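**Q** here is the input, now give the coordinates:
(chains A and B)
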Protein chains: 2
Amino acid sequence: MLIVQKFGGTSVGDLERIANVANRVSESKKAGNDVVVVVSAMSGETNKLVEYAQHFSSNPNKAEMDMLLSSGERVTASLLSIALNEMGFPTVAMTGRKAGIVTNTQHTKARIEEINPKAIVSALDDGKIIVVAGFQGVNENGDITTLGRGGSDLSAVAIAGALKADLCEIYTDVSGIYTTDPRIEPRAKKLDKISYDEMLELASLGAKVLQNRSVEMAKKLNVNLVTRTSFSNEEGTLITKEENIMEAPLVSGIALDRNQARISLMGVKDRPGIASDIFNKLAINDINIDMIIQTKAYDGSTSIDFTVPVSDIKDAKEVVDSFIKTGEIKDDSYNEEICKVSVVGVGMKSHAGVAALAFSTMADNNININMISTSEIKVSMIIDEKYAELAVRGLHGAYELDK
Amino acid sequence: MLIVQKFGGTSVGDLERIANVANRVSESKKAGNDVVVVVSAMSGETNKLVEYAQHFSSNPNKAEMDMLLSSGERVTASLLSIALNEMGFPTVAMTGRKAGIVTNTQHTKARIEEINPKAIVSALDDGKIIVVAGFQGVNENGDITTLGRGGSDLSAVAIAGALKADLCEIYTDVSGIYTTDPRIEPRAKKLDKISYDEMLELASLGAKVLQNRSVEMAKKLNVNLVTRTSFSNEEGTLITKEENIMEAPLVSGIALDRNQARISLMGVKDRPGIASDIFNKLAINDINIDMIIQTKAYDGSTSIDFTVPVSDIKDAKEVVDSFIKTGEIKDDSYNEEICKVSVVGVGMKSHAGVAALAFSTMADNNININMISTSEIKVSMIIDEKYAELAVRGLHGAYELDK
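**A** The predicted model follows:
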């Protein structure tokens, strides 16, 4: 098998942990696999460098930031390569450039445009273990770029795709994807498999293990992704295409997102296009709207309720205020004491009644549902935040995820 | 003027010192100069990375070491560029690769083969300050290389040569080149100017400010080199070609090298080629021989005395022992309690009596001279180490270097 293994910052957090990673990589190699390793910076290093830069400027040049930050992954890659070599395994450490990771020119948030895996393929042919510095690439001008948050995962998935690797293992301090957050529901079970689309829903709903960008790329390049822990030999969770999951459960998991706020606009002027005007202006200001409800009161006035991430409240309020000034909105209110619980499962596509069970579970627990949104594989409900744990545990039980 | 400024590890040792360097660079720029800056890693960083590597291997792969160690200079270059930019100066940070520093493939001790200053020239044309990560280059395979000890000085001199810069300033924690070590002779004076050849002699005789490699390259490329401190505005010492020094003093400086040992071989077999055999074998073992004296005793037996750096004694003893085994050398003795004092000056070329004054000064101070060697611009004497300071002060006074 050809395996790409990616180790995050905590997995390479100190020299002992790097030695531990070397052991793990060597075992994959000894088992007869070809191995490409992608590493992050040692945990804390990137933050340290960011602090250094901010000592000099609150808005440092982005090209310089890329040169600065890309050094952390290079240190880890060199050290891991040295450790493996000392254990008797021929290795080669590669920068993003050497690994053939070509990006666009958008410094600090570059997008991968192409992988030219020539050097990797040639070194694999020589029987070497390849250790790649993650998070970085090179643009058409030959300048170093970095890939933004979750960039090392992205390096690993892109390389796995280019090499048509059998597996891309993402090692973190979490042992896999769970049916729900085990801190809320101790009976949560680790999933053996989950589809890309389910993972995308779970990730965007707050599961922190993988970023959507990486899952999207894995889906596009058809990369079998495994997320597992580097701190034990526990099996992880395979993220793969739906067809590879023979008997998909009705529901795979319950997600909770506390990071939501509800904004209510009352007395919205009754003219055509007013809602469109408001939401366009919010979109221009990069404010992420999730759910929207528009209602007409008995007195004929219109109310619009919508949810945004808590961090966007301030920006949203500025937009709302501009409409209040012109008199097109009478009043507004903001509520951070809400959360979003979601039921995710590809089984919903073919089974009726999944959403109904969610609603009846809320009713059984005397939880009022404020807003609802659904997709083919997801039902999301906005409820008061104080009911968060109750709702998660109720749904987890109702869909028999602990079985 | 086009100026290349190089700042060493202590000059960029922490964030405050980097800010200080930014101020200094900005002043050169504001004075109307074009400025290229070359930086070392923050002091301590390179040692830390070496320790990390040695945690995993006592003999880490050299290509990996280059990838590892080159990161330190990149961090400094990025930070200094960010600092200057924040002060309102357009800048660009460059790696060795971007700066066009092409080396041979000898990792960790690469030699510069070529400088392609296209990117630097173009950025200078745009009015930018260029900040180059020193100590590093790229080989023909596109792999990162490092230049070994004193590598950042070398980067600066090579870039200055390629750009035909008016000046290459090397900033350290020492304010220039002195007539002798001020810790031994407080009346030592800083030299305004010194020729390349004198500097080469002084450097190889123990003056730590500049490595011979950099001075040799400066001489070859005809780069006007200034060594000065980054901690004050004190003028430094210009190292330039002899023709640029209008009135060269007879003697420029007195050097002291305590790092010498004397090896005496007694009862050396009287056959043709024996000395050549011994010194060939020492050379093959990379042992640096400095002075040699061969004497014939009244009884007809031959003695050979020579000096080596203290660190080479052990290896030299092994070679000597192999001749003792075969009976070609009867006896040996080792003496570390010696030192070498040298009088250096281009003025010697045209003035007689310089060496004689050195010898008579030793005699006046009742110091016995064990061995002597001379070159066109240098007289070196091996004496007992206990007379080191006495000799240095005596010679400093005799040549009126305190005047």
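**Q** quick one: name the residues of the stretch 1-150 of chain A near chain B.
**A** When proximity is defined by C-beta under 8 Å from any C-beta of the partner chain, the stretch 1-150 of chain A lies next to chain B at A:15, A:18-19, A:22, A:49, A:52-53, A:55-57, A:60-61, A:63-65, A:67-68, A:70-72, A:74-75, A:77-79, A:81-83, A:85-86, A:91-93, A:95, A:97-98, A:142-144. Heads up, the C-betas are built off the backbone N, CA and C, glycines and all.
**Q** for the closest residue in space to A:Asp14 that isn't next to it in sequence, helix, strand, or coil?
**A** Of all residues not flanking A:Asp14 in the chain, A:Met42 sits nearest, at 6.9 Å (C-beta to C-beta, 6 or more residues apart in numbering or on different chains). Going by DSSP: H, G, I helix; E, B strand; the rest coil, the secondary structure assigned to A:Met42 is coil.
**Q** you'd agree A:Met42 is up against A:Gly72?
**A** Yes: using C-beta atoms under 8 Å, A:Met42 is in contact with A:Gly72, at 6.9 Å.
**Q** remind me which residues of the stretch 201-350 of chain A are low pLDDT?
**A** For the stretch 201-350 of chain A, the stretches with pLDDT under 70 are A:204-207.
**Q** could you pull out the strands for the stretch 101-250 of chain A?
**A** For the stretch 101-250 of chain A, the strands defined by DSSP state E, counting those that start in this stretch occupy A:101-103, A:112-115, A:129-133, A:136-138, A:144-146, A:167-172, A:193-195, A:225-229, A:237-240.
**Q** out of these, which gets nearest to B:Glu201?
**A** Of all those, it is strand A:144-146 that lies closest to B:Glu201, at 42.1 Å by C-beta to C-beta.
**Q** relative to the whole chain's centre, how far out is that closest one?
**A** 21 Å (C-alpha atoms, centre = their mean, to the nearest Å).
**Q** from B:Ile239, how far out is the residue nearest to A:Asp14?
**A** Separation of A:Met42 from B:Ile239 (C-beta to C-beta, to the nearest Å): 41 Å.
**Q** all helices of chain A, in order?
**A** A:15-30, A:45-56, A:62-86, A:118-125, A:151-163, A:196-204, A:212-221, A:274-284, A:313-325, A:354-364, A:388-398 (DSSP state H).
**Q** quick check: chain neighbours aside, which residue is closest to the residue most central in space within chain A?
**A** In chain A, the centroid-proximal residue (C-alpha atoms, centre = their mean) is A:Gln211; its distance is 1.7 Å. Closest residue to A:Gln211 apart from its sequence neighbours, by C-beta to C-beta, 6+ apart: A:Gly150 at 3.4 Å.
**Q** how about the contacts made by the one you found?
**A** A:210-211, A:213-214 (C-beta atoms under 8 Å, 6 or more residues apart in numbering or on different chains).
**Q** now with 7 Å?
**A** A:Gly150 is in contact with A:211, A:213-214, counting by C-beta atoms under 7 Å, 6 or more residues apart in numbering or on different chains.
**Q** got it, and A:Thr103?
**A** With C-beta under 7 Å, 6+ apart, A:Thr103 has these contacts: A:110-113, A:137-139, A:145.
**Q** kindly report the same for A:Ala119.
**A** Taking C-beta under 7 Å, 6+ apart as the test, what A:Ala119 contacts is A:94, A:98-100.
**Q** which of these ranks first by neighbour count?
**A** A:Ala99 (30 neighbours; other C-beta atoms under 10 Å in any protein chain shown).
**Q** and it, how far from B:Ala119?
**A** With C-beta to C-beta as the criterion, A:Ala99 and B:Ala119 are 23 Å apart.
**Q** now swap in A:Arg271 and tell me
**A** Going from A:Arg271 to B:Ala119 by C-beta to C-beta gives 57 Å.
**Q** swap in A:Gln294?
**A** 56 Å.
**Q** equivalent analysis for A:Ser122, please.
**A** In terms of C-beta to C-beta, A:Ser122 sits 28 Å off from B:Ala119.
**Q** circling back to that earlier point, among A:Met42 and B:Ile239, which residue is more densely surrounded?
**A** A direct count of neighbours by other C-beta under 10 Å for A:Met42 and B:Ile239 places B:Ile239 higher, at 32 against 23.
**Q** residues touching the more buried one, list them.
**A** Per C-beta under 7 Å, 6+ apart, neighbours of B:Ile239: B:194, B:196, B:199, B:215, B:218, B:225, B:227.
**Q** for the closest residue to A:Asn116 other than its chain neighbours, phi and psi?
**A** Leaving aside its chain neighbours, A:Asn116 sits nearest to A:Gly100 (3.4 Å; criterion: C-beta to C-beta, 6+ apart). Dihedral pair for A:Gly100: phi 80, psi 30, per degrees, to the nearest 10.
**Q** my read: A:Gly100 touches A:Glu113, true?
**A** No: in this structure A:Gly100 lies outside contact range of A:Glu113 using C-beta atoms under 7 Å: 11.2 Å.
**Q** how many other residues sit next to the nearest residue to A:Asp331 once chain neighbours are set aside?
**A** Nearest non-adjacent residue to A:Asp331, counting by C-beta to C-beta, 6+ apart: A:Met266, 4.4 Å away. A:Met266: 15 surrounding residues under other C-beta under 10 Å.
**Q** give me the pLDDT for the residue of the stretch 101-250 of chain A found nearest chain B.
**A** Evaluated by C-beta to the nearest C-beta, the stretch 101-250 of chain A has A:Gly142 as its residue closest to chain B, separated by 6.8 Å. Predicted confidence (pLDDT) for A:Gly142: 94.
**Q** mind listing what A:Asn61 touches?
**A** By C-beta under 7 Å, 6+ apart, the contact set of A:Asn61 is B:81-82, B:85.
**Q** in stretch A:38-58, what's buried?
**A** A:38-43, A:45-46, A:49, A:52-53, A:55-57 (16 or more other C-beta atoms under 10 Å in any protein chain shown).
**Q** stretch A:146-159 too?
**A** A:146-148, A:150-159.
**Q** so which of the residues you listed comes closest to A:Ser360?
**A** The closest of the buried residues of stretch A:146-159 to A:Ser360 turns out to be A:Gly150 (C-beta to C-beta; 37.1 Å).
**Q** and that closest one, how far is that from A:Asn212?
**A** A:Gly150 is 9 Å from A:Asn212, by C-beta to C-beta.
**Q** do the same with A:Asn104
**A** Look at A:Asn104 and A:Asn212: by C-beta to C-beta, they are 19 Å apart.
**Q** repeat that for A:Glu64.
**A** A:Glu64 is 28 Å from A:Asn212, by C-beta to C-beta.
**Q** between those two, which is the more surrounded one?
**A** More neighbours surround A:Glu64 than the other of A:Glu64 and A:Asn212, with 29 against 14 (other C-beta under 10 Å).
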